[in-house]
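# the sequence isn't on hand, but the structure is:
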Ligand code: C5P
């Protein structure tokens with residue numbers, strides 16, 4: 001079974017502060033998106049990478065890919081994205097040629113995921129799981145809250161879920177292609193990851209160990225951390 005990776009990279013990244021779209025921010029002088037593309041193409045199992053660009057930025061992303069050295073054994077496609085992550089992923093799936101039976105979905109915002117994590121996800125799909133997520137235990141205790149009744153009112157805690165049963169999940173998430181396509185046809189809620197759509201179909205989602213370097217670059221501090229991880233790798 002051949003494996004393709006879809007990289008949604010159409011987000012604005014407003015939480016990172018003003019500036020260019022997040023995926024085009026540089027880390028160690030190279031756009032975050034290029035790091036993410038290489039992280040997928042580094043896996044020998046991945047033979048196609050579909051990048052979902054900002055709706056008006058497909059040409060720019062295409063020339064960006066052309067300007068950076070990428071493995072010859074991998075094919076690349078660029079398609080314009082949509083208004084939500086979910087829509088962007090669906091547009092990426094629509095562009096997949098036949099013959100790719102395993103699909104990874106990887107956030108451009110996780111540029112430093114190690115290849116061993118990518119391969120572990122693919123391996124678990126090959127072993128028969130319809131959906132696979134890299135997952136890590138939580139360092140923080142998590143509270144469920146009741147939103148504040150109004151401005152100036154406090155929000156209040158309603159529950160403390162057992163932390164040992166919670167996981168923070170990362171990408172790439174891996175899927176049997178038919179399952180993921182059915183999930184995207186069926187589930188219309190606005191979800192934040194693809195595995196939750198498969199859960200809504202009633203299919204089993206399994207975890208593999210995540211990696212701390214697969215963290216999502218969301219806020220300004222994450223950029224500092226990402227630069228430090230890259231600098232350490234280059235030693
Ligand atoms: O906003 P968030 O960090 O959850 O975005 C996760 C990924 O989804 C990012 O790589 C972002 O570029 C992508 N995205 C997208 N299309 C959107 C919104 C987000 O491809 N409309």
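Perfect, I can see it now. On a predicted model such as this, the values are computed, not experimentally measured, just so you know.

# now the longest helix along the chain: mean pLDDT?
Ranked by residue count under DSSP state H, the longest helix found in the chain is helix 220-233. For helix 220-233, mean pLDDT is 96.

# show me which residues of the protein sit near the ligand.
Along the chain, the residues adjacent to the ligand under the rule C-beta under 6 Å from any ligand atom are 8-11, 22-23, 52, 81-85, 88, 107-109, 216, 218. (C-beta placed from N, C-alpha, C; glycine too.)

# any idea how far the helix or strand where residue 102 lies is from the chain center?
In this assignment (DSSP states H and E), residue 102 forms part of strand 100-105. The chain centre lies 13 Å from the centre of strand 100-105; the measure is C-alpha atoms, centre = their mean, to the nearest Å.

# cool, stretch 19-29 as well?
16 Å.

# could you do stretch 45-63 as well?
On C-alpha atoms, centre = their mean, the centre of stretch 45-63 falls 14 Å from the chain's centre.

# would you mark the buried spots in it?
45-54, 57-58, 61 (16 or more other C-beta atoms under 10 Å).

# neighbours of the closest residue to residue 116 other than its chain neighbours, just the number please.
Across the structure, with C-beta to C-beta, 6 or more residues apart in numbering as the measure, the residue nearest residue 116 apart from its sequence neighbours is residue 211 (7.6 Å). As a burial measure, residue 211 scores 18 neighbours (other C-beta atoms under 10 Å).

# buried ones among the residues of the chain next to the ligand?
Buried positions within the residues of the chain next to the ligand, assessed by neighbour count (16+ other C-beta under 10 Å), are 8-11, 22-23, 52, 81-82, 85, 88, 107-109, 216.

# residue ranges of the helices in the chain, please?
Counting by DSSP H, residue ranges of the helices within the chain are 32-41, 58-66, 85-94, 115-126, 177-186, 194-200, 220-233.

# tell me the centre residue of this structure?
To find the centre residue of the chain, average its C-alpha atoms and take the closest one (C-alpha atoms, centre = their mean): that gives residue 107, at 2.5 Å.

# can I assume that one is in contact with residue 215?
No - the pair formed by residue 107 and residue 215 falls short of the contact definition of C-beta atoms under 8 Å, at 10.6 Å.

# thinking again about what came up before, looking at the helices of the chain, which is buried most?
Scoring the helices of the chain by mean neighbour count under mean count of other C-beta atoms under 10 Å gives helix 32-41 as the most buried, with a mean of 24.

# distance of residue 99 relative to residue 1?
9 Å (C-beta to C-beta, to the nearest Å).

# please disregard the earlier target; I meant residue 20.
Note on residue 20: its distance to residue 1, by C-beta to C-beta, is 37 Å.

# of the two, who's got more company?
Counting neighbours by other C-beta under 10 Å for residue 20 and for residue 1 shows that residue 20 has the greater number, 15 against 12.

# need the pLDDT of the more buried one.
In this prediction residue 20 is given a pLDDT of 82.

# contact partners for it?
Taking C-beta atoms under 8 Å, 6 or more residues apart in numbering as the criterion, residue 20 is in contact with no other residue.

# list phi and psi for it.
For residue 20, the backbone dihedrals (degrees, to the nearest 10) come out as phi -70, psi 160.
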